[in-house]
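Chemist: One predicted model, sequence on top.
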Amino acid sequence: MTSVSEIQVDAEEINSLLYAAKNGQWNVVWKILGHPSKPRKPFLLNCIPENRRWGVLHQAIWWNNYSVVNKLLQFPTCDIRIKAKEGVSEIGPTGGKSAEEIASGFKRTEIAQLLKNNVSRLGAQAPETFHPLSSGLEDYVLSLLKVTLAAYKTAFQPQQIESKTFNDLLREVWQNVNAVPGRWKVARDKVAEAAYVVCEETCNNIKACKRKQEFYEAIINAYTIEENYLYDHLNTALRRQRQADYMPTADDLALGPYVLMYQLLLLFWNKLRKESSITYRRMRVSATDLEKYQVGTKFAWMSFVSSSVTNRTPDRTNTDQTNISLKLI
């Protein structure tokens, strides 16, 4: 991944990547992504940026280019589950449709079969749980947020990026969204547009916001609704971005604008009430995780699932009913 100063470069390459794919300029696509055996920026493959409805894989299907689709599938980062944003094409509404569904809709029979027989390697990833920290102050350049800022730069940070640290950049983005008249509405629309493919309920709730504070509250409240499991998608996406060889899924990147706004509110919104009572946090813990801990280690635990202030409840997604008592020293 690149540094903060190169987000501008990523933004330009994302625009070039999607423009080239839309126009069938595959030599430009390979120049940006690289080759499956020698990838350059494979983490951009599943990106559907602002003002785009389809990703690179969708465009290759539209062009009915079997060899290009086959080559894209050879990238470990290629997510065959990538869904189109809400919109209409020659075959009617394509919002929320997978690559295979779009191929079938366009009667790309051979490509549809190729996609059907392909097994995504992204699902085999094991996101980091136990993350050791250094003893000094850390300025994390988080991969998902960085790709999001590049893909949605016009919406969140239209000015030239001059920040030296990632924390400074986030503060500038917050000031832009929160203080510039009408900018929060742009952010609202982009968050809703992107979240549609992961959670339509969240999309609709955010689109309905008429005031800035309503928008901010909708971002926070969406994370607390356990029934739609958005919090689980979000936590997994956040854990995955800590990996050195970053391979975001299409859903990770679709959640990017929501995650960015959520992070900004946690860091900078002065009206966010802090919880003062005892809070119970559900954790996913394995024996492998415990083996990594040593006395005195400073670490971040990446696998908090949910929280409650009223009771302790089991994790409904946990199929292993083993109870583990922890006392970290």
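Modeler: Everything's here; your move. These numbers come from a predicted model, not from an experiment. Residues are numbered from 1 along each chain as shown.
Chemist: hey, let's count contacts and neighbours off CA atoms from now on
Modeler: OK.
Chemist: Count the residues that sit near residue 223.
Modeler: 21 (other Cα atoms under 10 Å).
Chemist: The nearest residue to it once chain neighbours are set aside sits in which helix or strand?
Modeler: Nearest residue to residue 223, sequence neighbours excluded (Cα to Cα, 6 or more residues apart in numbering): residue 231, at 5.1 Å. Per DSSP states H and E, residue 231 falls inside helix 230-240.
Chemist: residue ranges for the helices of the stretch 1-150 of the chain, please.
Modeler: With DSSP state H, counting those that start in this stretch applied, the stretch 1-150 of the chain shows helices at 7-22, 26-33, 56-62, 66-73, 99-105, 109-117, 143-151, listed in chain order.
Chemist: and if you look at the stretch 201-329 of the chain?
Modeler: Under DSSP H, counting those that start in this stretch, the stretch 201-329 of the chain gives helices at 212-224, 230-240, 250-254, 256-268, 287-291.
Chemist: And the ones you listed: which comes nearest residue 26?
Modeler: helix 250-254 (20.6 Å; Cα to Cα).
Chemist: can you list contacts of that closest one?
Modeler: Residues outside helix 250-254 that contact it (Cα atoms under 8 Å, 6 or more residues apart in numbering): 46-48, 79, 81-83, 144, 147-148, 194-195, 197-198, 233-234, 237.
Chemist: rerun that using 7 Å as the cut-off
Modeler: Defining contact as Cα atoms under 7 Å, 6 or more residues apart in numbering, one finds that helix 250-254 is touched by 46-47, 79, 82, 144, 194-195, 198, 237.
Chemist: where's the dip in pLDDT among these?
Modeler: Ranked by pLDDT, these bottom out at residue 237, which has 80.
Chemist: can you list the helices of the stretch 1-150 of the chain in TSV and add distance to residue 224 and mean neighbour count?
Modeler: Listed next are those as TSV, based on distance: least, Cα to Cα, whole Å; neighbours: other Cα atoms under 10 Å:
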stretch	distance to residue 224	mean neighbour count
helix 7-22	31	19
helix 26-33	37	17
helix 56-62	33	22
helix 66-73	35	17
helix 99-105	31	21
helix 109-117	35	16
helix 143-151	21	25
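Chemist: Dump those helices to TSV, plus distance to residue 157.
Modeler: As requested, the helices of the stretch 1-150 of the chain are exported to TSV (distance: least, Cα to Cα, whole Å):
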stretch	distance to residue 157
helix 7-22	10
helix 26-33	23
helix 56-62	24
helix 66-73	30
helix 99-105	30
helix 109-117	36
helix 143-151	7
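Chemist: The helices of the stretch 201-329 of the chain: which one's closest to residue 55?
Modeler: helix 250-254 (9.3 Å).
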